[in-house]
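Participant: Predicted model and sequence follow; I will ask about them next.
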Amino acid sequence: MIEETIHTDIAVLGGGLAGICAAIGAARRGRQVVLAQNRPVLGGNSSSEVRVWVCGATAHGIHQFARETGLMGELFVENQYRNPEGNPYYWDLLLLETVQAEPNITLLLNTDVTEVGADGPDDARVIRRVTGWMSGSERRITIEAPTFIDCTGDGLVGYLAGAEYMTGREPRSQFGESWAPDVPDQNMLGSTILFYSKDVGEPSKFVKPAFAIDVQATGIPQHRVIRQDMKGCAFWWVEWGGELDVVHDNERIRDELQAVCYGLWDHIKNSGEFDAENLTLEWVGSVPGKREYRRFVGAHVLTQQDVLEQTEFEDRIGYGGWSIDLHPSGGVYATEPGSKHWHPDGNYHLPLRMLFSKNVTNMWMAGRNISASHVAFGSTRVMATCAVLGEAAGIGAALSQELGVSASALAHEHVADLRRAMVRADASVLGVENDDPVDLALQADVRASSTKQTLASTQSAGLVPLVDDLGLVLPVDPLLGGLDVLVDAETATTLSASLHATSTPQNYLPAREIAAVSVAVEPGRSWVHLPLAWEPETAQNGFVILHANAELAVHRGSWVEPGTVTMIHREMPENERYTEQWRAWKETLHGSGICFRASAPTDAFHPEQVRGGYARPYGGPNVWVSEPTSEDPQPWIELSWPEPVQIGRVEVIFDADVNEDLINLHHHRTDAEVMPTLVRDARVEVRSGGAWREVARVDGNRQRRWSAVLEGPHPVDALRLIIENVAGTRNARVTAVRAYLD
């Protein structure tokens, strides 16, 4: 046995997406980090060992402009390029390579931390060290650090350190949650094992093992959807163990879940109900994907109300958007539906105070062990949200060390520093403006080669019958002077429309009616003018509803205008059991929208959008958009200063279309391997002494964020970003340009 001790700034325990993002978030701020993972691969439930889809704030397209940025965003868009087929091993590879690319991270795989050295009173415990066994290497490794981040999922480190925690379901009286039970219990969300099949092109038999269950005898076929083309996470409902101790009974749960998998496969192969003769099993999981166990108590416990009311926390460091998604404790054997959902109206905020322990002074947490009630946890538990929380914990822990303050002081007395750190990292935050005084761009004047000033999609790509209400969300900046819509009418009829404000800048649903009109429409094809006028006090989104009329059809647009979304209203089915989960408005015209033209010019795409402000859609698109590149073939945007400034780094945030719902193992397939809205090739030039010179360039870009380190600080009076090539849109788009000394 080899005994060794590692000293580091921050120890991150657990290598799922929360742990990966916590480690990278801290390492990119210059901290030395040890990342210990008890499995041979990174990724936790998303890895090839378990193969769960990475879901997040988009909620499979329910929420608009919601995809995560920061580290999770980097992983999503890079995986889209490297792994268009959704190969789980390529996902493993991306995670490993991303961690190994960080020189400040020491990675310890196959290292199971089971010992914690902590002391102090119960209300102020301090972790001194953790010790783990590296299987296969016979190394007993102790990690000593001033700060620890528990990303173990089950919360073993915090538990051994004496951190206060919750398990099971809290009573309704504790947090006032309508979806909580009247009487508390220890029921939790269960675990899942998945399986994959493939067509081998010839008959393949399957001999049922003796331990496989008889699914016909259980009633599963009557209560769950089963098809021969389903695989992987399509079987998310193969869940069990919620009425047990999901850690202590892990092996029993694994055995039962594998028995269910093989029983289901026997049913598909041998019942005669499916065309499965040429199918064979390609993979069956052996590690249960756990959903829930310990939840540590932090300075704030997130509740159902925080999610649904979208509480605006001062110390917000991220956002979520998945529904409150709760499952029956009986899992796969339950007769009720496998899940029930309650969607917030849009993305909700997450506070830093849910990421550090209430009573262990140097312990942070991220992932599925954060400070949330059982009900709120039903939303935060999905992995992209866990990754967002991991990045925030890593940045927060690093910043606490830099400032020499406690986690609590960071959340209360240094909120400005915290917000600036999150913005600098391009993290997933809503409603946080870039006001960092070290960003020299905030002192600059901005101009561009051209600017898009119209909102219009005029080329038809087919008809959409107006059998349901149709909604068009578009930026109103500074005003909406009316709208023309291209329609076909079978007979003389009337088009009724209404204009609404949204409730919050991140919501894309009609909330307050501004105006309503009814306009006569003649038979045939015509542009119909809707005199819907609005000049709000501040720029924001408007929601125009075209009310259903079966005698009309609107034209589908051949492109989507920046900052716009087209949705269709769906009536709730009569048999809908959980009425809270029904989202009437959904973007079913994704990628096309409708043919329309706004009467008034727009300021939504002005060059000033790249300086400060928000780095994602929030009350508007918040992006500079050039005129079409056919008219402006090498568009540019320029910052200039009245006196020379010293610049050593330029950071550019491109538009990666955060309305595109990406997913690692492809719940659905997005065709574009590089987001079409991205800038592909660009260069930075600086002006000094009246002469321009190139100082940085990017070729073949496929990421949202580009950080260009210059060879040395340059005294310049102007900086220009020149767009040489775009990925697939009509215009060049840039979200932010920032300039720093270092």
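Facilitator: Yep, it's here.
Participant: low-confidence ranges in the stretch 1-150 of the chain?
Facilitator: Within the stretch 1-150 of the chain, not a single segment meets pLDDT under 70.
Participant: Where do the helices of it begin and end?
Facilitator: 17-27, 70-82, 88-100 (DSSP state H, counting those that start in this stretch).
Participant: For the last one, list every residue counted as buried.
Facilitator: Using 16 or more other CB atoms under 10 Å as the test for burial, helix 88-100 gives 88, 90, 91, 92, 93, 94, 95, 96, 98, 99. Where C-beta positions appear, they are placed from N, C-alpha and C, glycine not excepted.
Participant: do you know how far the last one is from residue 389?
Facilitator: Using CB to CB, to the nearest Å, one obtains 18 Å as the distance from residue 99 to residue 389.
Participant: Also the third one?
Facilitator: Counting by CB to CB, the separation of residue 91 from residue 389 is 20 Å.
Participant: dump the residue contacts of residue 289.
Facilitator: 45, 50, 52, 191, 192, 193, 194 (CB atoms under 8 Å, 6 or more residues apart in numbering).
Participant: Just give me the neighbour total for the last one.
Facilitator: To tie it back to what came earlier, the one meant is residue 194. 21 (other CB atoms under 10 Å).
Participant: Would you confirm that it contacts residue 285?
Facilitator: Yes: with contact defined as CB atoms under 8 Å, residue 194 and residue 285 form a contacting pair (5.1 Å).
Participant: Could you tell me which residues touch both of these two?
Facilitator: With CB under 8 Å, 6+ apart as the test, residue 194 and residue 285 both reach 50, 51, 261.
Participant: Just the closest of the residues you listed to residue 291, please.
Facilitator: Ranked by distance to residue 291 (CB to CB), the shared contacts of residue 194 and residue 285 are led by residue 50 at 11.3 Å.
Participant: In contact with the closest one, which residues?
Facilitator: Applying CB under 8 Å, 6+ apart, the residues near residue 50 are 44, 194, 285, 287, 288, 289.
Participant: what does residue 4 give?
Facilitator: For residue 4, the contact set (CB under 8 Å, 6+ apart) comprises 139, 140, 141, 142.
Participant: can we see that at 10 Å?
Facilitator: Each residue near residue 4 by CB atoms under 10 Å, 6 or more residues apart in numbering is listed here: 134, 139, 140, 141, 142, 143.
Participant: For these, which single residue is the most surrounded?
Facilitator: Ranked by the number of neighbours (other CB under 10 Å), the contacts of residue 4 place residue 143 first, at 24 neighbours.
Participant: wait, isn't it in contact with residue 131?
Facilitator: Yes: at 7.6 Å, residue 143 and residue 131 qualify as touching, with contact defined as CB atoms under 10 Å.
Participant: shared neighbours of those two, anything?
Facilitator: Both residue 143 and residue 131 are contacted by 5, 111, 113, under the criterion CB under 10 Å, 6+ apart.
Participant: possible to save these as JSON lines with neighbour count?
Facilitator: Compiled in JSON lines, those are given as follows (neighbours: other CB atoms under 10 Å):
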{"residue": "5", "neighbour count": "11"}
{"residue": "111", "neighbour count": "25"}
{"residue": "113", "neighbour count": "25"}
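Participant: As TSV, those residues with distance to residue 539 would be great.
Facilitator: As requested, these are arranged in TSV below (distance: CB to CB, whole Å):
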residue	distance to residue 539
5	56
111	51
113	50
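Participant: now, which of these lie within strands?
Facilitator: 5, 111, 113 (DSSP state E).
Participant: ok, and the closest non-adjacent residue to residue 323?
Facilitator: Excluding the flanking residues, the one nearest residue 323 by CB to CB, 6 or more residues apart in numbering is residue 341, at 3.7 Å.
Participant: Alright, that wraps it up for me.
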